[in-house]
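*Asks:* Based on what follows, work out the 3D shape:
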Amino acid sequence: MDNIAAKKMKRIVLYALLAAMLCGCSSVPEDMGNGAPRMESSSMRVEFLESFPLTKGTSPMDASLVDDLNLYIFDPEGILVYSEYFPDGNVGTQEISLYTKKEYSVYAIANWGKEEQVETLSQLLGLTYRVSDVGDVCISGGVPVMTGKTEAEFPFDGPLQIEMGRMVGKVSVVCNSRNVNDDVSIKVTGVSLKNVPMESTLFGSNKAVEVTDGVTFEGDDLASIMYDGVTFYMLENVQGEVPGAVGNKGKAEMLGAERRELCSYIEIDAEITTYRHRGNIVYRFFLGTEDDNCNVLRNNHHMFTVEFKGDVSEEENSVSVDNGALLDRVTGIRVSPSFIAFSPGLGKTYQCKATIYPETAFDKRITWSSSLKRVAKVDQNGVITTVGTGTCYIFATSVENPSARGEMEIQVR
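*Replies:* Below you'll find the model as predicted:
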């Protein structure tokens, strides 16, 4: 019996050694409790936060802002391990199975309007949002498309908090004319957003390569332009730095014609009246987070106050101001002769002459008048007729600019 038992024991040891050798040729199972990652099921909850870039703060997002939600989870190698579409935006609590001790990337797309199926991370990052009508973005009355991303190790410690950012940037424009000269008036007749991108990738920074004209506000829409202003919405357009630029004019000049074709800007049409000019003038203000860049960022509120000062650039014709439509006003009138005496003078006539300055004035009409019609009267051709003795003045006044007036003195003896 001892020999039999010894033989059995020997076989057991051999089998054990063989098994150990075979195990040594394969990887250690991931569920052997040695600290390696292992597949595990756990609950997943998602909380969406609203991001406020200017204040660098967040707050819980109103659930009504999240709809048509696509949620994706990728492992460290960029392999899609989970995806789900939530039509009403409510993720709730989901049971998911992932490997522990690995950090996963979680992506969310809200208000997309459909289930978007992707197979790889590169495919997701390549998704673009394209508009057929720029007005769908610029004057969107609904909630815009939003995206967000976070990273966390599984099992997730508490709810996954994803900061959601709007795909569009908000651009508000207010005009201020309180500091124009006393003899200057300005009325804004149109405010337009120009060089608006037609598409943008959902994740990452976007530099537009295709742009178009945006929305124009005019008429009653401009009633509050000097107070609350007007607001546009546009896709992101990160056109980069303009080193050394100071102010809008400096930025516009340093951009160069090629870059100006793609950088987003506000165009303001206005009617101005000064002592010398009258008519339409156009101002262009290139957008950016600062004077030295042309970056319009998504999920940011870009606020611009356009300050009209002094003579509101009536003499400037540049890349940022177009005064080509301004017309010269009448600034002076000379009546000749400046003095005439009639002795004896009753019943005499005389043809006066009026010279208009400048010669380029667009409206040279004048009216003639007498300061004392019982001494002399004048018709609208400038013909004087003496009526009685005394002194009076004959005036030639511009119809377009009544402040421009010439005169001559009349003495009748």
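*Asks:* so what's N295 bridging to?
*Replies:* V238 (DSSP bridges).
*Asks:* how close does it get to V131?
*Replies:* 20 Å (CB to CB, to the nearest Å). Yep, even glycine has a C-beta here, placed from its N, CA and C like the rest.
*Asks:* and what of N70?
*Replies:* For N70 relative to V131 (CB to CB), the value is 19 Å.
*Asks:* Which residue of those two possesses the greater neighbour count?
*Replies:* More neighbours surround N70 than the other of N70 and V131, with 22 against 18 (other CB atoms under 10 Å).
*Asks:* so what's the more buried one up against?
*Replies:* Residues near N70 by CB atoms under 8 Å, 6 or more residues apart in numbering: S83, E84, Y85, F86, A108, I109, W112, E115, E116.
*Asks:* What about the residues you listed, which are in strands?
*Replies:* S83, E84, Y85, F86, A108, I109 (DSSP state E).
*Asks:* sec struct for the residue nearest the centre of the chain, please.
*Replies:* Nearest to the mean C-alpha position of the chain, by CA atoms, centre = their mean, lies V171 at 3.8 Å. Under DSSP: H, G, I helix; E, B strand; the rest coil, V171 falls in the strand class.
*Asks:* Tell me what it is bridged to.
*Replies:* Applying DSSP bridges, one finds that V171 bridges with F232, H302.
*Asks:* and it, what is it in contact with?
*Replies:* L193, T231, F232, Y233, M234, I266, L287, V296, H302, F304 are the contacts of V171 under CB under 8 Å, 6+ apart.
*Asks:* Which one (most neighbours) among those residues?
*Replies:* V296 (31 neighbours).
*Asks:* What separation is there between that residue and G382?
*Replies:* 59 Å.
*Asks:* How about Q411?
*Replies:* 18 Å.
*Asks:* And for Q161?
*Replies:* 84 Å.
*Asks:* Likewise for R329?
*Replies:* Counting by CB to CB, the gap from R329 to G382 is 21 Å.
*Asks:* Pick out whichever of the two has more residues nearby.
*Replies:* Neighbour comparison, R329 and G382: the larger count goes to R329, with 22 against 17 (by other CB under 10 Å).
*Asks:* what are the phi and psi angles of L327?
*Replies:* Dihedral pair for L327: phi -110, psi 140, per degrees, to the nearest 10.
*Asks:* wait, L121
*Replies:* phi -70, psi -40.
*Asks:* hang on, isn't it packed against G78?
*Replies:* Yes: look at L121 against G78 with CB atoms under 8 Å: they come within range, at 4.0 Å.
*Asks:* ok, these two, which is more surrounded?
*Replies:* Between L121 and G78, counting by other CB under 10 Å, L121 is the more crowded of the two (18 against 12).
*Asks:* now the helices for the protein?
*Replies:* 2-24, 121-125, 135-138, 247-260 (DSSP state H).
*Asks:* Next up, the contacts around the residue nearest to G229 when sequence neighbours are not counted.
*Replies:* Leaving aside its chain neighbours, G229 sits nearest to V174 (3.5 Å; criterion: CB to CB, 6 or more residues apart in numbering). The contact partners of V174, by CB under 8 Å, 6+ apart, come to I225, M226, Y227, D228, G229, M303, F304, T305, V306.
*Asks:* same deal with R45?
*Replies:* Per CB under 8 Å, 6+ apart, neighbours of R45: V91, G92, T93, Q94, G158, P159, L160.
*Asks:* got a pLDDT number for it?
*Replies:* For R45, the model assigns a pLDDT of 93.
*Asks:* hang on, F156 packs against S42?
*Replies:* Yes: in this structure, F156 is within contact of S42 by CB under 8 Å, at 7.0 Å.
*Asks:* Which one's more surrounded, these two?
*Replies:* Comparing F156 with S42 by other CB under 10 Å, the one with more neighbours is F156, at 18 against 13.
*Asks:* And K207, how far from N237?
*Replies:* 7 Å.
*Asks:* now swap in Y275 and tell me
*Replies:* 40 Å.
*Asks:* So which of these two has more stuff around it?
*Replies:* A direct count of neighbours by other CB under 10 Å for Y275 and N237 places N237 higher, at 24 against 16.
*Asks:* so where's the stretch 1-150 of the chain shaky on pLDDT?
*Replies:* Along the stretch 1-150 of the chain, the parts satisfying pLDDT under 70 run over 1-35, 54-56, 134-142.
*Asks:* Could you tell me how many residues sit around the nearest residue to V211 once chain neighbours are set aside?
*Replies:* Nearest non-adjacent residue to V211, counting by CB to CB, 6+ apart: N195, 4.2 Å away. Neighbour count of N195, defined by other CB under 10 Å: 23.
*Asks:* same deal with S51?
*Replies:* Neighbours of S51 (other CB under 10 Å): 19.
*Asks:* okay but K194 is in contact with S264, surely?
*Replies:* Yes: using CB under 8 Å, K194 makes contact with S264 at a distance of 6.8 Å.
*Asks:* These two: which has the busier surroundings?
*Replies:* Taking other CB under 10 Å, K194 and S264 do not tie; S264 has more neighbours (27 against 17).
*Asks:* so the more buried one sits right up against F232, yeah?
*Replies:* No: look at S264 against F232 with CB under 8 Å: they stay out of range, at 9.6 Å.
*Asks:* Need the overlap of contacts for these two.
*Replies:* Shared contacts of S264 and F232, counting by CB under 8 Å, 6+ apart, come down to L193.
*Asks:* How about V306: what's its closest non-neighbour residue?
*Replies:* Once flanking residues are discounted, V306 sits nearest to C175: 4.9 Å by CB to CB, 6+ apart.
*Asks:* And K207, by the same measure?
*Replies:* V238 (5.2 Å).
*Asks:* Now do stretch 195-204: distance from first to last residue.
*Replies:* Start-to-end span of stretch 195-204 (CA to CA, to the nearest Å) is 20 Å.
*Asks:* Same question for stretch 62-78.
*Replies:* 31 Å.
*Asks:* What sits closest to P344 if chain neighbours are left out?
*Replies:* P344 sits nearest to R413 (CB to CB, 6+ apart), 6.4 Å away.
*Asks:* Is the residue nearest to V335 when sequence neighbours are not counted bridged to anything, and to what?
*Replies:* Excluding the flanking residues, the one nearest V335 by CB to CB, 6+ apart is G406, at 4.1 Å. For G406, the beta-bridge partners under DSSP bridges are A396.
*Asks:* Do a quick rundown of the strands in the stretch 51-200 of the chain.
*Replies:* Ranges of strands within the stretch 51-200 of the chain are 57-60, 69-74, 80-86, 93-99, 102-110, 128-130, 146-154, 160-166, 168-180, 185-194, 196-197, 199-201, based on DSSP state E, counting those that start in this stretch.
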